[in-house]
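Student: Provide a 3D model corresponding to the input given below.
(2 chains)
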Protein chains: 2
Amino acid sequence: MKITMAHGSGGKTSAELMESVFGKHFKNSVLDKMEDAAVLDINGKVAYSTDSFVVTPVIFKGGDIGKLCVCGTVNDLLMMGAEPKYLTCGFILEEGLEVDTLDQIVASMAAQAKAAGVTIVAGDTKVVEGSGGLYINTSGIGIIPEGRDVSAGGCKPGDKILLSGNLGDHHACILSARMEIENDIKSDCGCLKDITDALFDGNIDVKTMRDVTRGGLGTILNEIADTSGCRIELEEEAIPVDEEVRGFADILGLDPLYMGNEGKMIAIVPSDQAEEALRLMRDTEHGKDAAVIGQVKEGNGTFITTRLGGSRVLDVLYGEGLPRIC
Amino acid sequence: MKITMAHGSGGKTSAELMESVFGKHFKNSVLDKMEDAAVLDINGKVAYSTDSFVVTPVIFKGGDIGKLCVCGTVNDLLMMGAEPKYLTCGFILEEGLEVDTLDQIVASMAAQAKAAGVTIVAGDTKVVEGSGGLYINTSGIGIIPEGRDVSAGGCKPGDKILLSGNLGDHHACILSARMEIENDIKSDCGCLKDITDALFDGNIDVKTMRDVTRGGLGTILNEIADTSGCRIELEEEAIPVDEEVRGFADILGLDPLYMGNEGKMIAIVPSDQAEEALRLMRDTEHGKDAAVIGQVKEGNGTFITTRLGGSRVLDVLYGEGLPRIC
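Tutor: Next up, the predicted model:
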């Protein structure tokens, strides 16, 4: 069965889709009330975020748009030091989408939400003309435990920069699929909760965290350098990249520093805690290839010391990047 | 200037669009931090909702997709008895969209958010291929004052049903634009805060509220009858419809009971407060054509007493409705 415009009518056919797909996978006491809005009890400092996902293909090696849209918003909340609690999801379905594909994606969302400890409490579905694709928006709320203060402006000269693993996997995976290149590259699409839990449980005084997504490491570090009023210096040699991804990037003239990721983060920590933070990260599933890749200094801008020992400016991404990577 | 895929890269070109359009109109202390998520202090019972907007044309008589996407989510929060506080917005822009059009829509969002007393605290922009259209998702958080308990299951036999004004304006407006029919029909797109404020300030013990959107009054009342385990009886004669909209609907064979609206609500109130509630509604800008249209009884299902005195079942909307009405 395929999605038709009637599934977006708000009437009987919409209700049937709600029940047979969304209701089946997302069933919970808040959502089951079918109100215009979820009613929740919330107390304290919260993180609140949104992201839309337009990735194509919608199913790829290592994940799908459903896993991605849960992990993406959950990761945004985690990066503020929050414990993700609630998600909403807004579906825009293109006419012709196979209901079986939608079912697979929604099941993937439900599984990922369960793994991340978040509840999907409100949703919405629209149908538009098109060729069987879909877009998903998620928004999320997380609770920030008392005493936590993580922000893009929080780092100081002397702090060390940790990267949780190899760069470029998601970008290379999506591009391989689009170019119909056969290889073993899998997206890193994943939830970073194991890493943030390990750092906070290990009493690391995390200054700044950021997931390294669209725009790549170069763009994100420039934003942090700007916001914190510091200079960031990286060691190119220390930055982990999978060998197959490096080969793929080399052939296509791509720089892993600007390739998108969906399960990688940086954490900026005090210098004297960097070794312990690295050990904690490496003990997690999503942080096993973590490395200390640079440090924060007085000044401004972002610089990288190349393999040959020279230093160059690392600017933000110019131009197109890879369209519809996330 | 038109939107290009580079505006979705997450790099320099994206940042320029953020600054020149979104930053200009949405500027506020939370958003200006440019973090992955907004950090807010929230305490108590909250309503949390999301909606995606795909209406076409994006600018229409009486509003645009920007006004609509703020009012839509704000109204959903209001219907739970909440005071809307924070919004997020996720833009999916189609390549070729005129930046001037985007600017106009974003300005409209900012104006409507200000009028409704909500702050836009987080956002996201993606670009996809297409023909210059756009989709917007909004999510919202509202605070529910202590002691308020409004829900779809809250009404009881004996309660009266109030409708805030004429049915079908938005539907007729959008359809007129698509069919290129010249008339004076304007969308009712608007924020219902004046009505909900009037009811609560007037100490009306509101049991249930619902905005009457996609699917129309028939569908929404059926949902309420189901959830509350009651029977709903309407008086066809009492249901307000603008004369021009009625003429338009008659010609096209449309039933105003199933036409979509974007600035109409029902409120179900105790019988002995119905007269006062009606007076309060009629004193507001958005409720000036309000009417008592029926009552809640023992039993189940939704029924309507026709102009000729007969009673018929009022079912939910079957089939397509109007595609991309909201």
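Student: can we go C-alpha only for contacts and neighbour counts from here?
Tutor: Will do.
Student: Show the pLDDT at the most centrally placed residue in chain A.
Tutor: In chain A, the residue lying closest to the centroid (Cα atoms, centre = their mean) is A:Gly72, at 3.4 Å. With respect to pLDDT, A:Gly72 scores 98.
Student: That one: what's it in contact with?
Tutor: Residues near A:Gly72 by Cα atoms under 8 Å, 6 or more residues apart in numbering or on different chains: A:Asp51, A:Cys191, A:Glu262.
Student: How many neighbouring residues does the last one have?
Tutor: Taking other Cα atoms under 10 Å in any protein chain shown as the criterion, the count of residues near A:Glu262 is 26.
Student: Now do it, the pLDDT please.
Tutor: Looking at A:Glu262, its pLDDT is 98.
Student: That one reaches A:Gly190, doesn't it?
Tutor: Yes. Counting by Cα atoms under 8 Å, A:Gly190 is a contact partner of A:Glu262 at 6.4 Å.
Student: where do the contact lists of those two overlap?
Tutor: Common contacts of A:Glu262 and A:Gly190 (Cα under 8 Å, 6+ apart): A:Leu68, A:Cys71.
Student: Show me how far the helix or strand containing A:Asp226 is from its chain's centre.
Tutor: A:Asp226 belongs to helix A:216-228 when elements are defined using DSSP states H and E. Taking Cα atoms, centre = their mean, to the nearest Å, one finds the center of helix A:216-228 at 16 Å from the center of the full chain.
Student: looking only at pLDDT, what's the mean for it?
Tutor: 95.
Student: could you dump that helix to CSV, C-alpha only?
Tutor: Taking C-alpha atoms only, helix A:216-228 is exported to CSV below (Å, rounded to 0.1, in the frame of the first residue of the first chain):
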residue,chain,number,x,y,z
GLY,A,216,31.9,19.2,9.7
LEU,A,217,34.5,19.6,12.4
GLY,A,218,36.0,22.7,10.8
THR,A,219,32.8,24.7,10.8
ILE,A,220,31.8,23.6,14.4
LEU,A,221,35.2,24.5,15.9
ASN,A,222,35.1,27.9,14.2
GLU,A,223,31.7,28.6,15.8
ILE,A,224,33.1,27.6,19.2
ALA,A,225,36.3,29.7,18.8
ASP,A,226,34.0,32.7,17.9
THR,A,227,31.6,32.2,20.8
SER,A,228,34.2,31.6,23.4
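Student: In which helix or strand does A:Asp197 reside?
Tutor: If you go by DSSP H and E, A:Asp197 is part of helix A:193-201.
Student: Which elements pack onto that helix?
Tutor: The contact analysis (3 or more Cα pairs under 8 Å, 6 or more residues apart in numbering or on different chains; DSSP states H and E) places helix A:193-201 against helix A:65-78, helix A:274-282.
Student: which one of those helices is the most hemmed in?
Tutor: Of the helices and strands packed on helix A:193-201, the one with the most neighbours on average (mean count of other Cα atoms under 10 Å in any protein chain shown) is helix A:65-78, at a mean of 28.
Student: what residues are up against A:Lys24?
Tutor: By Cα under 8 Å, 6+ apart, A:Lys24 has no neighbours at all.
Student: Give me the three-state assignment for it.
Tutor: helix (DSSP: H, G, I helix; E, B strand; the rest coil).
Student: Show me how far the helix holding A:Asp197 is from its chain's centre.
Tutor: With Cα atoms, centre = their mean, you get 16 Å for helix A:193-201.
Student: Any buried residues in that helix, and which?
Tutor: Across helix A:193-201, burial judged by 16 or more other Cα atoms under 10 Å in any protein chain shown covers A:Lys193, A:Asp194, A:Ile195, A:Thr196, A:Asp197, A:Ala198, A:Leu199.
Student: I'd say the second one and A:His286 touch.
Tutor: Yes. When contacts are counted by Cα under 8 Å, A:Asp194 is listed as touching A:His286 (7.0 Å).
Student: gap between the residue nearest to the centre of chain A and chain B?
Tutor: 10 Å (Cα to the nearest Cα, to the nearest Å).
Student: same deal with A:Ser176?
Tutor: Separation of A:Ser176 from chain B (Cα to the nearest Cα) stands at 18 Å.
Student: isn't that residue right next to A:Glu182, touching?
Tutor: Yes. Counting by Cα under 8 Å, A:Glu182 is a contact partner of A:Ser176 at 7.1 Å.
Student: So between the two, which is more surrounded?
Tutor: A side-by-side neighbour count of A:Ser176 and A:Glu182, using other Cα under 10 Å, places A:Ser176 first with 19 against 9.
Student: Can you list phi and psi of the more buried one for me?
Tutor: phi -60, psi -40 (degrees, to the nearest 10).
Student: and it, what does it touch?
Tutor: For A:Ser176, the contact set (Cα under 8 Å, 6+ apart) comprises A:Glu182, A:Asn183.
Student: Check A:Asp315 too.
Tutor: Each residue near A:Asp315 by Cα under 8 Å, 6+ apart is listed here: A:Gly218, A:Thr219, A:Asn222, A:Thr302.
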